[in-house]
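Enquirer: Model the structure of this input:
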Amino acid sequence: MTLTFAPDNADAIPLHLVPEEGCAAWATGVGPAAEVWTRASGFTGGLGQAVAIPASDGSVACAAIGYGTAASRSRARFHLAAGAAKLPKGIYRLDSAPDGAALDVEALGWLLASYRFDRYKDQRPMQAMLIAPKGVDAARVEAQAAGEALTRTLINTPASDMGPPELEAAAQTLADTFGAAMTVIRGDDLLTQNFPLIHTVGRAADRAPRLIDMRWGDSGPKLTLVGKGVCFDTGGLNLKPGSAMGLMKKDMGGAANVLGLAHMIMATGLPVRLRVLIPAVENSVAGNAFRPGDILTSRKDLTVEINNTDAEGRLVLADALALADEDPAALTISMATLTGAARVAVGPDLAPYYSDDAATAAALDAAAHAQADPVWRLPFHAPYESMIEPGIADLDNAPKGGFAGSITAALFLRRFIDQSPYMHFDVYGWQPTEAPARPKGGVGQATRALLAGLPKMLGL
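Expert: Numbers count the residues shown, from 1 in each chain. As a prediction, the model looks like this:
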């Protein structure tokens, strides 16, 4: 799906973003007939409202979308997109907006509101198209929209059509698009090349586990992205109940996020040497599935006691992070749909992350605010290190007790990477209810914040 702005058009319909406090003045300025029409339509400038003012011939003379109040805007994102789908068919040009409106974010929201997951069923497209507003970097916004669409589609596709081979194919398509190099280690080759945890988690599935390794760029600081690619998670022998298994097609959301971010980085030409690592597996049930109580030796030679086969994501990430650590980067970032504890802590809308570097975190937080892509920093809390040390092995993949589950998972991952700075994101990857520019389904988290923050984070 291509999410792009409409070409400039002299006949485009004028569109106005109107706050509640300015609605009466705007309606008066449009003219007496428009003022009457606006009042009769109940348009008050409320957030998400939309009104189309007819011309004498029945066409649309102009239109407006409500910008609400400062209070209502603080509780929502993508304010222009909230009314976009309510407009009649046509090409629109944003003629006016309040001072302080983030037009790049609002324009992006419009494009994202056009996203439809239509692989299995025809979806009614949004009828209204937008010309890129003045001052907006259209190419950059379109690159963000394309990256986000890629992430959403990968997550939305069920595991029957998005297993490890299909995830590899999606990565290869992305690599081919931007001239990146890609290698893949599959099946038993994972053992001979010392990726034992990735192999162990994926060996019970019919579709072979694999490690995807993509590289792009020949100058600038090194940036490594590591994404959890568990294409479906049954829980293994610690089988999930059906209610918990229903959304497990999204357990490759970390991989989907890093591929979407990689698209944005390459499409905008960020001057970095990018590496993307994705351990792609299915956590399945079979006679050769790994067991609770097993002790596994990782690529880093740290031993791991398996106390729950449903805590598999950190295992596959561990081997990938160990590989990343062998070629140190200026910044290494892992993204994963890793723990339910993160969702209990911050809900589905925030992307919790971990970082020991205050400057890196500050740059990300500022970018997240500016991009309307919310994140929340959680601590690598060192006193909890003992919780992931079981006594008979170096590490425990599922500490008992239920406390601090997201933190202990992040601490587990940090044991496999010695370089600094390192950031870990424990994302949800799913929009549970429809919201402006975010239909129910797969969603990217923190990728736009990272794209905006990376130049400062990397000293570019």
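Enquirer: ok, so what distance separates Ile53 from Tyr67?
Expert: Distance of Ile53 to Tyr67, given as CB to CB, to the nearest Å: 17 Å. C-betas here are computed from N, CA, C, even on glycine.
Enquirer: again but with Leu321, I slipped
Expert: Using CB to CB, Leu321 is found at 44 Å from Tyr67.
Enquirer: Low-confidence ranges, this protein, go.
Expert: Across the chain, the ranges flagged by pLDDT under 70 are 1.
Enquirer: care to break this structure down by domain?
Expert: With domains defined by automatic domain parsing, the chain comprises 13-136, 141-457.
Enquirer: Quickly compare those and say which is most buried.
Expert: Highest mean neighbour count among the domains of the chain (mean count of other CB atoms under 10 Å): domain 141-457, with a mean of 21.
Enquirer: mind checking the end-to-end distance for that one?
Expert: For domain 141-457, the first-to-last residue distance is 21 Å (CA to CA, to the nearest Å).
Enquirer: got it, and stretch 86-99?
Expert: 24 Å.
Enquirer: Which residues does that stretch contact?
Expert: Here stretch 86-99 makes contact (CB atoms under 8 Å, 6 or more residues apart in numbering) with 6, 9, 11-17, 19, 22, 26, 48-50, 52, 60, 62-63, 65, 67, 80, 103, 106-107, 127-131, 133.
Enquirer: Return the subset of these lying in strands.
Expert: 13-17, 19, 50, 52, 60, 62-63, 65, 67, 128-130 (DSSP state E).
Enquirer: Among these, which one lies nearest to Asp161?
Expert: Using CB to CB, Met129 comes nearest to Asp161 of the ones in strands among the contacts of stretch 86-99, at 29.7 Å.
Enquirer: My read is that that closest one contacts Ala6, right?
Expert: Yes - proximity of Met129 to Ala6 meets the contact threshold set by CB atoms under 8 Å, at 3.9 Å.
Enquirer: which residues in the stretch 251-400 of the chain form helices?
Expert: Counting by DSSP state H, counting those that start in this stretch, the stretch 251-400 of the chain has helices at residues 253-268, 313-325, 340-346, 358-371.
Enquirer: Packing partners of the first one?
Expert: Okay, so that is helix 253-268. Packing partners of helix 253-268 (3 or more CB pairs under 8 Å, 6 or more residues apart in numbering; DSSP states H and E): helix 138-156, helix 164-178, strand 210-216, strand 222-227, strand 273-283, strand 331-336, helix 447-457.
Enquirer: run the last query once more with 7 Å
Expert: helix 138-156, helix 164-178, strand 222-227, strand 273-283, strand 331-336, helix 447-457 (3 or more CB pairs under 7 Å, 6 or more residues apart in numbering; DSSP states H and E).
Enquirer: Could you do the last one as well?
Expert: Of the remaining helices and strands, those touching helix 358-371 by 3+ CB pairs under 7 Å, 6+ apart are strand 375-378, helix 447-457.
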